[in-house]
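Novice: here are the coordinates; sequence isn't available:
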């Protein structure tokens, strides 16, 4: 399977010290996410039908296709 994404719409930083994981243990999580305007998936030489859902506002776009540029978990 191959996945390709392009047209980065924004760059977001997210951080929390209270991300609940199993067992009632909270962890800190820091992320840098880039929502993308375009994306394709291929498997077995065939393109899978579909496209990302893009919405939000001009100042805060959202997309179902995004790159996790950095992800850090701490307990």
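Specialist: Okay, I see it. From a predicted model like this one, the values you see are computed outputs, not experimental measurements. Numbers count the residues shown, from 1 in each chain.

Novice: what's in contact with stretch 51-64?
Specialist: Contact partners of stretch 51-64, identified using CB atoms under 8 Å, 6 or more residues apart in numbering, comprise 5, 9, 10, 35, 36, 37, 38, 39, 65. Where you see a C-beta, it was placed from the backbone N, CA and C, and this is true even at glycine.

Novice: Which residue is the nearest non-sequential neighbour of the residue nearest the centre of the chain?
Specialist: The centroid of the chain falls nearest to residue 66 when counting by CA atoms, centre = their mean (3.4 Å). Closest residue to residue 66 apart from its sequence neighbours, by CB to CB, 6 or more residues apart in numbering: residue 35 at 4.6 Å.

Novice: Pull the contacting residues for that neighbour.
Specialist: With CB under 8 Å, 6+ apart, residue 35 has these contacts: 8, 9, 10, 12, 54, 56, 61, 62, 63, 65, 66.

Novice: Just the buried ones among the contacts of stretch 51-64, please.
Specialist: Among these, those scoring as buried are 5, 9, 35, 36, 39, 65 (criterion: 16 or more other CB atoms under 10 Å).

Novice: confidence score at the third one?
Specialist: We note a pLDDT of 96 for residue 35 in this prediction.

Novice: and the gap between it and residue 22?
Specialist: Distance, residue 35 to residue 22, by CB to CB, to the nearest Å: 28 Å.

Novice: What segments of the protein are strands?
Specialist: Remark: strands assigned in the chain by DSSP state E are 2-8, 12-20, 26-43, 46-47, 54-57, 60-63, 66-74.
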